[in-house]
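1. Fold the following, please.
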Amino acid sequence: METNPTNPPAPPPPPPSSTPPGAPAASGASTPAPAGGSLRDRVVEAMRQVYDPEIPINIYDIGLIYGIEVSEAGAVHVRMTLTSPSCPEAERIPVEVEERIKTLPGVTSTKIELVWDPPWTPEKMSEAAKLQLGFY
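-> Alright, predicted model coming up:
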C-alpha cells in the first residue's frame, strides 16, 4: 500500500484501557484534578498565599496548619498554630487566613481556631520548606 505524502495514514488507536473513566491512572501517572480543584484544595492554595514574616515560607508548608475540615455545605474550619505564642503577628496571620478563605467560591462560613498544643517545631515543615531553608 502506498502512502500519499500529503495525506499520511492515521496513527493506530491507543490500546484499550482497563482503568475506568475518572479513576487514577496506573504507573504513577495522575489524573488531572477538575478545573479549580476541590474546595479543600483551594483552601490549601489560599493558605499558601499567607507568609510568616519571620520565615520566608508560606504558613501551610512551614507546618502551622494542624487541620482543615470542609463540610459539604462549604463551612471551613482550620486548626492552626504560630511559631511562638509571642509571635508579633499573632493577631494578623489568623485574620489574613480567614479573609483569604472566605473569598473563595463555595465557602459559606469560616472558623479559624488558634491552638498552642502541640507546640510548633521545625519538624512540622514540609520537605520542600526544609530544603528551601537549608535543613538538609
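2. Pull out the buried positions in the helix or strand of the chain with the lowest mean pLDDT.
-> The helix or strand of the chain with the lowest confidence, counting by mean pLDDT, DSSP states H and E, is helix 127-132 at a mean of 93. For helix 127-132, burial by neighbour count (16 or more other Cβ atoms under 10 Å) applies to 129-130. In short, each C-beta sits where N, CA and C put it, glycine included.
3. quick check, distance from it to the centre of its chain.
-> Chain-centre distance of helix 127-132: 15 Å, with Cα atoms, centre = their mean, to the nearest Å.
4. swap in stretch 45-63?
-> With Cα atoms, centre = their mean, you get 12 Å for stretch 45-63.
5. got the end-to-end distance for it?
-> Length of stretch 45-63, first residue to last, Cα to Cα, to the nearest Å: 14 Å.
6. One more: stretch 51-60?
-> Start and end residues of stretch 51-60 are separated by 9 Å (Cα to Cα).
7. and for that stretch, what are the contacting residues?
-> With contact meaning Cβ atoms under 8 Å, 6 or more residues apart in numbering, stretch 51-60 is reached by 44, 47-50, 62, 64-65, 80, 82-83, 87-89, 93, 97, 125-126, 129, 132-133.
8. ok, now stretch 89-98?
-> The set of residues external to stretch 89-98 that reach it, using Cβ under 8 Å, 6+ apart, is 46-47, 50, 52-54, 59, 64, 78, 80, 82, 87, 110, 112, 114.
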